[in-house]
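> pasting the sequence and the predicted model now:
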Amino acid sequence: MNKEKLRAYIWIGIFSILLGVIISFQVKVVQNKLLDGVLPSLRSKELILELEAVNQKKTALEEEVLLLEDELTNIKDSVSQENALIDSLSRQLELYKKFAGMTKVMGQGVEITIDNSKDEFSTSSSDNNIVHEYNLILNLINELNAAGAEAISIGGQRLVNTTEIRTAGDTLMVNKTPLYAPIAIKAIGNSKTLNASISQRFGIVSIIREKGFFIEINQSERIVIEKYDKLINFNYINDYED
């Protein structure tokens, strides 16, 4: 072998070694930068494990979301039921307040005015005062109640279960408020029924007129009665305990 061929083989060997070193270096760089220093097969296994962990976490989160949605639905249903109960109790409370005279009310009914005699030629005594005949007013109230009156006021005073109607001198005391003639009475109910009940022959209206007093009844589609404006205190009544 001549020297030139030997020199050529030597250079080829040197280039081969350098090329191997360069390729090895490039593989090392790619492995470190792109595969975190692990072999592709190992990195693939790691990625698969990471993907499985992510999928498991996703499934757990989906289950938690479903549980939270169920809890939210239960809360909404509970709130809806509670609101329905509150609405029902509120309606009942308002109804009881109306019956107890604690609210201002309106409806059809009758307006009644009772006064001392307006006839200067009346044969009745000059000191005849409707206030002194308050039993006639009591009978009139009873007739209105019997005819289905749902709310009654006398002289603007709402009648409730504690209302007193009595004479005090020349005044009529209603809810501890003095009233003078003429006495205005309002009653809410079926206007025709109320009128017919008190105006029947030989009824309370006839009796009041026979006594020499003035009485006028007007039916109306809009009677307004104020609420009871006094305080009710219970000093002796208690809840029943078995």
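Done, it's in.
> so which elements touch the longest helix along the chain?
What stands out as the longest helix in the chain, according to DSSP state H, is helix 40-99. Using 3 or more C-beta pairs under 8 Å, 6 or more residues apart in numbering; DSSP states H and E, no helix or strand is in contact with helix 40-99. To be clear about C-beta, it is placed using only N, CA and C from the backbone, and glycine gets the same treatment.
> strand partners (parallel or antiparallel) of whichever helix or strand comes after that helix?
On the C-terminal side of helix 40-99, the closest following helix or strand by DSSP states H and E is strand 105-115. Using DSSP bridges, the strands paired with strand 105-115 are strand 183-188 (antiparallel), strand 214-225 (antiparallel).
> after strand 105-115 comes which helix or strand?
Following strand 105-115 in sequence, per DSSP H and E, is helix 134-146.
> mind saving the C-alpha coords of that following helix as PDB?
C-alpha atoms of helix 134-146 as PDB (Å, rounded to 0.1, in the frame of the first residue of the first chain):
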ATOM      1  CA  TYR A 134    -127.000  52.500  73.400                       C
ATOM      2  CA  ASN A 135    -128.800  49.100  73.700                       C
ATOM      3  CA  LEU A 136    -130.400  49.900  70.400                       C
ATOM      4  CA  ILE A 137    -127.000  50.300  68.900                       C
ATOM      5  CA  LEU A 138    -125.900  47.000  70.400                       C
ATOM      6  CA  ASN A 139    -129.000  45.300  68.900                       C
ATOM      7  CA  LEU A 140    -128.200  46.800  65.500                       C
ATOM      8  CA  ILE A 141    -124.600  45.500  65.700                       C
ATOM      9  CA  ASN A 142    -125.900  42.100  66.600                       C
ATOM     10  CA  GLU A 143    -128.200  42.100  63.600                       C
ATOM     11  CA  LEU A 144    -125.300  43.100  61.300                       C
ATOM     12  CA  ASN A 145    -123.100  40.300  62.700                       C
ATOM     13  CA  ALA A 146    -126.000  37.800  62.300                       C
END
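> got the contact list for it?
110, 112, 114, 130, 152, 154, 159, 165-167, 172, 183, 185, 187, 189, 194, 197-198, 203-205, 207-208, 211, 213 (C-beta atoms under 8 Å, 6 or more residues apart in numbering).
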